[in-house]
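1. predicted model follows, preceded by the sequence.
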Amino acid sequence: MSRFFSVAFLILTFVWLSIIHAESTLASSLQEDGADLSDVESLLGRLEKGSIEERIDAVNQLGALGPYAQSAVDQIVKAMSTDDLALKYECIAALGQIGPLAHDASDSLTPMLTADSNLFQVAALESLRRIGTASPDAVALIRKLSQDSDASAATSAIRCLVMIAGENDELVRNSIPRLVKALGDKRTEVRNEAVLTLVEIGPAAVPAVTAVLSDADYHVRLSACDILGQFGSDAASAVPGLLPRLKDKEDLVVRAAATALGRIRSEPDRVLPALIALLGNKSTPIRIVAVRAIAEFGPLSKGAIPQLLTLLSEESVMLRASAATALGSIQDGRPEVIDALVGALSDTDGSVTVSAANALARIGSPAVPALVSKLSHEAFRGLIVEVLGEMGGEAESAVPALVKLLNSDDKDLRREVYISLATMGPKAGAATSALMTILQNPEAAEGRAGAAYVLAHIGEKKAVPVLKEILKTKQTEQVSRAAAWAIVKLEPENADNVGIVMPHLIQATSSEISLVRKEAMSAFCTLGKSAGDALPCLLEHAESDADPSVKALSLQGLAKIQATAAQSLPVAVASLSDPDVTVRTAARYLLGSLGEAAHSAAPMLRESLRRGDQLERIVSAWALVHVEPTPENFEAAIPLLLKGMQSPNPGVRAEVAITLGTSGTKSKEVLSALETAQKDEDSQVKEAAKEALSKLTKVP
């Protein structure tokens with residue numbers, strides 16, 4: 001063993017437990033130091049010729065780069081043949097961190113499954129799980145390990161098998177009782193792995209997990225509540241077992257049960273009274289969790305309004321903020337609710353103020369008069385303007401009052417007014433005259449930028465000649481980029497505009513203001529393939545932008561400009577693990593757009609069919625059958641695709657209809673959904689459904 005690891009080999013356990021944290025920390029530090037994350041050449045040089053300490057460090061950094069280190073796979077595999085145990089371990093872990101793009105190296109991990117070290121076995125299992133593929137020989141070894149007497153190896157093997165063979169695999173299903181038993185293991189890492197595996201198996205685990213809700217071991221009860229909560233509505237059958245846990249002797253279990261019941265959102269007539277009763281609990285954390293669970297039921301929770309109003313005056317900041325959020329979720333516009341929330345805008349704590357503002361935004365038009373009346377208070381003006389903007393078109397009646405604020409001396413306030421009017425879209429049409437006057441005024445400076453932005457959202461095409469004239473003259477970059485963006489928004493199909501708008505849009509991607517970057521990415525999406533020059537900008541912001549909405553639009557932009565798999569696959573795979581759901585969903589859309597060139601991501605997409613919110617799962621299903629259009633994948637995807645036909649987004653409905661047409665499935669459910677879609681109010685959906693039906697019913 002090397003001098004660097006002269007201490008006992010078991011110290012590697014600590015390294016393993018630190019890997020997940022190290023990945024994000026190291027990647028962040030590399031970005032902060034200005035390192036080029038796509039260039040792995042220097043690290044490969046150190047891996048090949050450096051000292052053992054340098055080689056370990058190099059492979060650790062390559063692993064932290066994740067999919068961006070795809071080109072290093074062969075050399076990592078070569079380095080894995082070392083006699084140095086520490087380096088071998090880091091190589092195993094790095095291949096897993098690179099993930100699906102290391103699929104060609106999966107065979108090299110097979111021998112590790114028979115290693116003498118349990119640590120190497122578990123590391124290899126985790127890496128194969130992340131890669132998502134394994135040879136038949138490896139699968140046989142994984143199945144054998146799933147029966148191992150050591151719960152650590154067994155749970156890791158079962159979790160790996162879920163990814164590779166699927167949740168319907170017979171051995172996986174038969175392993176559920178053992179995983180449930182592992183919830184009571186003395187080792188924290190084993191309990192955690194069992195929880196993750198049961199969640200990944202999905203609703204099939206609900207009965208077995210429900211059965212241990214009354215287990216004598218507090219860890220088991222706590223884990224069971226957590227697992228069931230993650231299943232959401234699929235765990236509705238567990239409600240009778242969860243309700244008694246609201247009176248558990250352990251506060252953490254009570255909180256976990258309340259959270260689970262909120263996420264499941266079933267049997268409100270039984271669950272809501274029990275949750276409301278918790279609002280009188282002596283424990284503040286329990287009361288906070290109860291409020292949040294009540295909020296999950298939305299308008300069905302109206303019976304809790306009196307108690308929630310009382311909680312707005314509680315000493316606990318988190319309790320006050322949670323109560324305000326819950327009132328917004330219920331969306332009850334009765335005067336006493338609006339008055340209480342408007343009063344909460346004066347709370348001494350900013351988090352309560354923001355929660356109250358968001359709640360008023362969710363209540364919508366009934367709250368507008370009270371908010372407009374508050375515009376006379378300078379201290380609240382900016383916040384009120386922002387809230388009215390969040391309401392979108394529901395705040396239409398506030399437009400005249402907002403237009404008056406455009407004469408304010410407060411530059412920041414004027415900017416917020418422009419943004420709020422823009423979010424109202426065509427409903428802000430009453431502001432058109434005032435905005436056109438500002439747009440045509442050469443002395444208006446930043447006002448012209450704001451006016452262009454709002455007029456584009458309103459859809460005022462009379463602004464186009466003025467906007468084009470602006471781009472012909474010397475203006476501040478702020479005005480020019482706003483004019484360029486507005487032209488794309490108002491004339492999305494006019495290819496003649498590309499040459500005059502692209503330089504300004506590309507420059508806008510370097511703005512410190514996230515909204516400016518976001519709108520630039522949106523314009524690239526609209527321009528599609530003709531915005532190919534934006535590829536470097538889209539890649540950069542998809543990888544590292546601090547604003548999730550900008551990252552998501554950048555990923556969509558890569559799909560719209562038809563970036564190749566070689567260009568965009570690494571960032572798409574990396575983004576599948578992003579904490580933000582909009583980014584993950586956009587990554588799935590990009591993968592689906594890449595088609596079979598992204599086949600290596602199929603295992604992750606199959607897993608995604610069981611996890612996340614409904615839209616995320618629908619997009620996963622759509623993407624899966626595009627990257628790997630097998631009968632098995634279509635069979636798994638069609639139930640979700642049928643749900644996609646009910647999406648409020650016509651773009652989603654159209655894409656799903658087209659995909660169903662390629663499925664070859666002529667089931668009653670599919671044909672009925674497409675026949676219904678032929679009567680859709682959206683012409684694009686109608687046409688897609690008509691074409692899909694034609695393909696499916698065409699006689700060979």
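-> Thanks, I have it. Remember, predicted model here, so these are calculated numbers, not experimental data.

2. low-confidence ranges, this protein, go.
-> Residues of the chain meeting the criterion pLDDT under 70: 1-38, 699-700.

3. one more pass at 50, please.
-> Low-confidence segments of the chain (pLDDT under 50): 1-35, 37-38.

4. contacts only, for the most centrally placed residue in the chain.
-> Centroid-nearest residue in the chain, with C-alpha atoms, centre = their mean: residue 581, separated by 0.9 Å. By C-beta atoms under 8 Å, 6 or more residues apart in numbering, the residues touching residue 581 are 612-613, 616. Every C-beta, even on glycine, is put in place using the N, C-alpha and C of the backbone.

5. please, a PyMOL command that selects the buried ones among those?
-> To isolate in PyMOL the members of the contacts of residue 581 that are buried, counting by 16 or more other C-beta atoms under 10 Å, one can use:
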select buried, resi 612+616
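
6. in strands only, show me the contacts of residue 581.
-> If you go by DSSP state E, those have nothing in strands.

7. rewinding a little: now do the residue nearest to the centre of the chain against residue 298, distance only.
-> According to C-beta to C-beta, to the nearest Å, residue 581 and residue 298 sit 19 Å apart.

8. got the domain ranges for the protein?
-> 1-133, 460-562 (automatic domain parsing).

9. how about those in CSV, adding mean neighbour count?
-> Formatted as CSV, those follow (neighbours: other C-beta atoms under 10 Å):
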stretch, mean neighbour count
domain 1-133, 19
domain 460-562, 19
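
10. format those as TSV; extra columns: distance to residue 146.
-> Output for the domains of the chain, formatted as TSV (distance: least, C-beta to C-beta, whole Å):
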stretch	distance to residue 146
domain 1-133	10
domain 460-562	36
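
11. how far does stretch 137-156 stretch from start to finish?
-> 17 Å (C-alpha to C-alpha, to the nearest Å).

12. mind listing residues that contact it?
-> For stretch 137-156, contacts defined as C-beta under 8 Å, 6+ apart pick out 106-107, 109-110, 113-114, 118, 121-122, 125-126, 128, 134, 157-158, 160-161, 164-165, 171, 175, 178-179, 182, 185, 187, 189-190, 193-194, 197.

13. in that stretch, what counts as buried?
-> 138-139, 141-143, 145-146, 148, 151-156.

14. out of those, which sit inside helices?
-> Of the positions in the buried residues of stretch 137-156, 138-139, 141-143, 145, 151-156 sit in helices, assigned by DSSP state H.

15. residue 211: how many residues sit nearby?
-> Using other C-beta atoms under 10 Å, residue 211 has 14 neighbouring residues.

16. stretch 365-378: end-to-end distance?
-> 22 Å.

17. how about stretch 60-74 as CSV, C-alpha atoms only?
-> The C-alpha trace of stretch 60-74 is given here as CSV (Å, rounded to 0.1, in the frame of the first residue of the first chain):
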residue,chain,number,x,y,z
ASN,A,60,-10.7,12.3,-8.0
GLN,A,61,-11.0,15.5,-10.0
LEU,A,62,-11.9,13.7,-13.2
GLY,A,63,-14.7,12.0,-11.3
ALA,A,64,-15.9,15.3,-10.0
LEU,A,65,-16.3,16.5,-13.5
GLY,A,66,-18.9,13.9,-14.1
PRO,A,67,-20.1,13.4,-17.7
TYR,A,68,-17.7,16.1,-18.8
ALA,A,69,-14.8,13.7,-18.2
GLN,A,70,-16.2,11.2,-20.8
SER,A,71,-12.9,11.3,-22.8
ALA,A,72,-11.0,10.1,-19.7
VAL,A,73,-12.8,6.8,-19.3
ASP,A,74,-10.3,4.6,-21.1
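
18. for residue 78, give me phi and psi.
-> The phi and psi torsions at residue 78 (degrees, to the nearest 10) take the values phi -60, psi -40.

19. for residue 389, see how far away it is.
-> Taking C-beta to C-beta, one finds residue 78 at 56 Å from residue 389.

20. what's the answer for residue 671, then?
-> Between residue 671 and residue 389 the distance, using C-beta to C-beta, works out to 44 Å.

21. picking up where we left off before, so which of the contacts of residue 581 is the closest to residue 499?
-> residue 616 (37.5 Å; C-beta to C-beta).

22. tell me if I'm right that the closest one and residue 589 touch.
-> No. Counting by C-beta atoms under 8 Å, residue 616 does not reach residue 589; the two are 10.4 Å apart.

23. which strand or helix spans the residue nearest to residue 614 when sequence neighbours are not counted?
-> Residue nearest to residue 614 in three dimensions, not counting chain neighbours: residue 643, with 6.5 Å by C-beta to C-beta, 6 or more residues apart in numbering. Taking DSSP states H and E as the definition, one finds residue 643 inside helix 631-644.
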